[in-house]
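**Q** here's a sequence, model it:
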Amino acid sequence: MSEYQAAPRTVVEACFDPQGTASLAYVYDLAAAAGLADQPVRLAIRRLEAAGVLRQEGRGRKGRLLLTDAGRLRSDTDVRLVRLAYAQDAGLAPWDGLWRLHTFSVPEQRRPERDALRTALTRLGAAPLAPGAYLSPHDLLAELVGETSESTVGSYLVTAEATRLTGPGFTDPASVAERLWPAADTLAAYRPLAEALAAEPVGTDHGSPALVASALGLADAFSRALEHDPLLPPELRPAPWPPARLRHAFRERWAAIRRQAPDLSLFRAFDPPGAEKA
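**A** Numbering: from 1, shown residues only. Take a look at the predicted model:
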C-alpha cells in the first residue's frame, strides 16, 4: 500500500452525502481508518468553517457538518473542473484559439472583493500578467460569478478576447503556455498521484481500514494534482501529456475500488465522470 496519507481536509470533504451533510462520528471514524488523529481533523474543520465552506451543528461525535452555499458552489466548481479535464483528455473540448484577459481595479476599501477575485482567478487556473490582470485560454466568467458574486464581477471585472498574444519570451501559443504555466510545475504536482498509482492495489474486504486509507490517499493525490493544474487545452501542451495518462489510470483504479465498495459514500465524493462504468 502507498505511504501517501490523505490530508485531514480531504477526509472531511469526503464525508458529505449528496444533501451536503456529514456526521461527525463518521468523519472521525474515517479519519481513524486513514491513520489520522482527531486533533488535525478538528483543526481542518475549524479552517473550513472559517473559510465559509461548512458550518458545524452540535459537538463531539453526535454533531454534524453542513455545507454552506459557498461550500456547495465550490464543490460544483470542482466537479466542472474534473469534467473539463476528462473532456479535454478525450478530445471533446478543443480550444477555440481565444485568449481571455481578465482585469480589475478595486478600491482599497473593497479589499475583500479584490482578494476574492484574485483567489478565484488563481484557483481557476488563470495566470497573472500584471497587477490586476490575469490570462486564461478558458472563458471563466460563469465560474468567477459563482466563486465571488455577480455584484463583484459586474462592478469590477473587465474581460477581453484575443487571438494573438506576444510578450517578452513568448511569440506563439505554446511559448505563452510554457512561460505562464510551466509544464514542469504541473508535472511535479502529479508526482504524488503517480506514486499512489504505482502502489499495489489493496484487495481487502469492503470498508476495511486498509481499503479506506488507500482510497483516501489516492483521492487526495488526485485532488491536489488538479488543484495545481491549470487544465490548459491539449493544444497548448506537449504530446503525449503525462497528466492525461495519469488521470486515465486514476479513473480505472477508482472504478476498481468502487466495485469493491459500491455503497461507501466517501468514494462517490471523488468519482470522475464515468468512473462507475469504466
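
**Q** number of residues surrounding Val12?
**A** A count of neighbours around Val12, defined by other C-beta atoms under 10 Å, yields 23. Every residue, glycine included, has its C-beta placed from N, CA and C.

**Q** wait, doesn't it sit right on Ile45?
**A** Yes: in this structure, Val12 is within contact of Ile45 by C-beta atoms under 8 Å, at 5.9 Å.

**Q** who touches both of these two?
**A** Counting by C-beta atoms under 8 Å, 6 or more residues apart in numbering, the common neighbours of Val12 and Ile45 are Val27, Leu54, Leu65.

**Q** next, format the residues you listed as TSV and append pLDDT.
**A** Below are those laid out as TSV (pLDDT from 0 to 100):
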residue	pLDDT
Val27	90
Leu54	90
Leu65	93
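
**Q** and of the residues you listed, the nearest to Gln39?
**A** When the shared contacts of Val12 and Ile45 are ranked by distance to Gln39 (C-beta to C-beta), Val27 comes first, at 13.0 Å.

**Q** from Val82, how far out is that closest one?
**A** Val27 sits 23 Å away from Val82, taking C-beta to C-beta, to the nearest Å as the criterion.

**Q** list the contacts of Ala189.
**A** If a contact means C-beta under 8 Å, 6+ apart, then Ala189 has Arg224, Ala225, Glu227, His228, Asp229 as its contacts.

**Q** just checking, which of the shared contacts of Val12 and Ile45 belong to helices?
**A** The subset of the shared contacts of Val12 and Ile45 located in helices under the criterion DSSP state H comprises Val27.

**Q** now render the shared contacts of Val12 and Ile45 as a markdown table, adding neighbour count and distance to Glu178.
**A** Supplementary listing: the shared contacts of Val12 and Ile45 in a markdown table, determined by neighbours: other C-beta atoms under 10 Å; distance: C-beta to C-beta, whole Å:
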| residue | neighbour count | distance to Glu178 |
| --- | --- | --- |
| Val27 | 26 | 41 |
| Leu54 | 21 | 38 |
| Leu65 | 25 | 41 |
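
**Q** need the contact list for the residue nearest the centre of the chain.
**A** The chain has Glu227 as the residue nearest its centroid, 4.3 Å off, counting by C-alpha atoms, centre = their mean. With contact set as C-beta under 8 Å, 6+ apart, Glu227 has these partners: Arg123, Ala189.

**Q** how close does it sit to Leu124?
**A** 11 Å.

**Q** what of Leu30?
**A** Separation of Leu30 from Leu124 (C-beta to C-beta): 29 Å.

**Q** compare the two (neighbour count), which wins?
**A** For Leu30 and Leu124, the more surrounded residue by other C-beta under 10 Å is Leu30, and the numbers stand at 25 against 20.

**Q** list the contacts for that one?
**A** For Leu30, the contacting residues are Val11, Ala14, Cys15, Val212, Leu216, Leu266, taking C-beta under 8 Å, 6+ apart as the criterion.

**Q** close enough to count as contact, the third one and Thr21?
**A** No: taking contacts as C-beta under 8 Å, Cys15 lies outside contact range of Thr21: 9.1 Å.

**Q** show me the helices in the protein, by range?
**A** 8-14, 24-33, 38-50, 69-89, 111-123, 141-147, 150-156, 173-180, 183-189, 191-198, 209-227, 242-260, 265-268.
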